[in-house]
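Visitor: I would like to see how this sequence folds:
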Amino acid sequence: MGVEDEFLFEDVDDEKTVEYIRNYLPQELKEKFSDDELYYFLDLIDEYYSESGILDAQPDADGYVEIDLDAIVEYIVKEAKKDEMGEFDPEEILFVVQGEMEYTDSLDKED
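Guide: Here you go, the predicted structure:
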């Protein structure tokens, strides 16, 4: 797969992730976040995973890696404010993070 194909694949995957998250959100939040904001949050989640070292963590005996959702939410809220994207309610962002996790879990179950 060439670099261009890889980017196209990532774009399609991001689209599917955003669609999944939008469907995961409670009714009152479904229209609250724009697609651009959801893509931005996905970028921040990826950034958090890269910078936190979570990707290098060793799984426990059951094969799981402990992920602190509150730390991801805190990171997103802090970075969004710093990037002047707005101030977001951590409780609402938690739904976005949980939706991303659910989507990732659904992909793992398909394999």
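Visitor: what's the next secondary structure element after the helix or strand of the chain with the lowest mean pLDDT?
Guide: Within the chain, no helix or strand scores below helix 3-24, which has a mean of 69 by mean pLDDT, DSSP states H and E. Sequence order places helix 35-52 as the next helix or strand after helix 3-24, per DSSP states H and E.
Visitor: so how far is that following helix from its chain's centroid?
Guide: Distance of helix 35-52 from the chain centroid (Cα atoms, centre = their mean, to the nearest Å) equals 6 Å.
Visitor: now stretch 92-101
Guide: Centroid displacement of stretch 92-101 relative to its chain, using Cα atoms, centre = their mean, is 7 Å.
Visitor: average pLDDT across that stretch?
Guide: Mean pLDDT, computed over stretch 92-101, is 96.
Visitor: how about residues contacting it?
Guide: 17, 20-21, 24-26, 29, 32-33, 38, 41-42, 45, 67, 69-70, 72-73, 76-77 (Cβ atoms under 8 Å, 6 or more residues apart in numbering). All C-beta atoms are positioned from the backbone trio N, CA, C, and that covers glycine.
Visitor: which PyMOL command selects the buried ones in the residues you listed?
Guide: Buried members of the contacts of stretch 92-101, defined by 16 or more other Cβ atoms under 10 Å, are picked up in PyMOL with:
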select buried, resi 17+20+21+24+25+29+33+38+41+42+45+72+73+76+77
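Visitor: isn't residue 106 up against residue 20?
Guide: Yes - contact status for residue 106 versus residue 20: in contact at 7.5 Å, counting by Cβ atoms under 8 Å.
Visitor: ok, now which ones touch the residue nearest to residue 35 when sequence neighbours are not counted?
Guide: Leaving aside its sequence neighbours, residue 35 sits nearest to residue 18 (Cβ to Cβ, 6 or more residues apart in numbering; 5.8 Å). By Cβ under 8 Å, 6+ apart, the residues touching residue 18 are 35, 38-39, 42.
Visitor: name the SS class of residue 60, please.
Guide: coil (DSSP: H, G, I helix; E, B strand; the rest coil).
Visitor: how many other residues sit next to it?
Guide: By other Cβ atoms under 10 Å, the residues close to residue 60 number 9.
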